[in-house]
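Trainee: sequence first, predicted model second:
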Amino acid sequence: MRQNMQLHAGSCSKLSRREMLKTAAALAAGYAALGPIHALAQGKADRKKLVYAGTYNSPVDGGAGNGKGIYLFEMNSKTGELTLVKLAAEARNASWLSFDPSGRYLYSVNEIADYEGRGGSVSAYAVDSSSGDLRLLNRVSSEGAGPAHLSVDASGKYVFVANYNGGSVAVLPVLASGELGPAVYTQQDKNFVGSTTALNAPPGSFAISGHDKPHAHMIHSDPGNRFVLHTDLGSIFILPPDS
């Protein structure tokens, strides 16, 4: 665990608020993987579970990038102890991970701005349920720079991605093979940008950045899988007076 934190976070003294949150988010995504992967441990309470953690391999927002991709850990279900197994897949700034509902496929953002010379990307992997190995299926454009978050809808048919630096969101179809198709829908946030500093943040708050322009930060379907919700760190959504 200590080794992974060093790889992922670098020097904490140089991290921005966003990168601190994204460090925790990538690890949280690994823990979220325990749901789909839980079948590996059924019937054996002491069997170790598999956990994936994404890392940065290049600096983002002033923070160091010392990782090489997506790492595989084993977690002791009794103690919670994590043991590094191996680098499961080399990847560029794999800062957020999400499984499909079946646990057969893992999707990762690549938080970059130069994929095909125009933005970030999303990678699709097939998961080997016995070894935990990841096999790259394909990679497609996220339709915006610096994707920071993605999720898979409950049907497993769509991947939603939020592009932080690009201020946009996109919907990527999941093919029968688990591969991703080109975006079938994109939306560029163009709402009013609020104050560049927090107006009522408590002392010591890091809420002082990201308000320079729209920054799509999260996207997820609702529990009933009828609606898709997304937040933008930089924009303020103002309703008409009569709404």
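Mentor: Thanks, I have the structure now.
Trainee: only C-alpha atoms, please: export the one helix or strand A162 maps to in PDB.
Mentor: Assigned by DSSP states H and E, A162 belongs to strand 158-163. Provided in PDB are the C-alpha atoms of strand 158-163 (Å, rounded to 0.1, in the frame of the first residue of the first chain):
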ATOM      1  CA  TYR A 158     -22.700   2.700 -22.100                       C
ATOM      2  CA  VAL A 159     -19.700   4.400 -20.600                       C
ATOM      3  CA  PHE A 160     -20.100   8.000 -19.500                       C
ATOM      4  CA  VAL A 161     -17.000  10.100 -19.300                       C
ATOM      5  CA  ALA A 162     -16.300  13.600 -17.800                       C
ATOM      6  CA  ASN A 163     -13.500  15.600 -19.300                       C
END
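Trainee: and it, which strands flank it?
Mentor: Partners of strand 158-163 in the sheet, by DSSP bridges, are strand 147-152 (antiparallel), strand 168-173 (antiparallel).
Trainee: can you name the next helix or strand after the last one?
Mentor: Using DSSP H and E, the helix or strand that follows strand 168-173 in sequence is strand 185-188.
Trainee: would you mark the buried spots in that next one?
Mentor: For strand 185-188, the neighbour count (16 or more other CB atoms under 10 Å) marks 186-187 as buried. The way it works is simple: take the backbone N, C-alpha and C, and place the C-beta from them, glycine included.
Trainee: same question for stretch 125-143.
Mentor: Judged by neighbour count (16+ other CB under 10 Å), stretch 125-143 contains these buried residues: 125-127, 132, 134, 137, 139-143.
Trainee: so which of the residues you listed is the closest to T55?
Mentor: Among these, L134 lies closest to T55 (CB to CB), at 13.6 Å.
Trainee: against which helices or strands is the helix or strand hosting L84 packed?
Mentor: Taking DSSP H and E as the criterion, L84 maps to strand 82-90. Secondary-structure packing of strand 82-90 (3 or more CB pairs under 8 Å, 6 or more residues apart in numbering; DSSP states H and E): helix 2-9, strand 69-75, strand 134-141.
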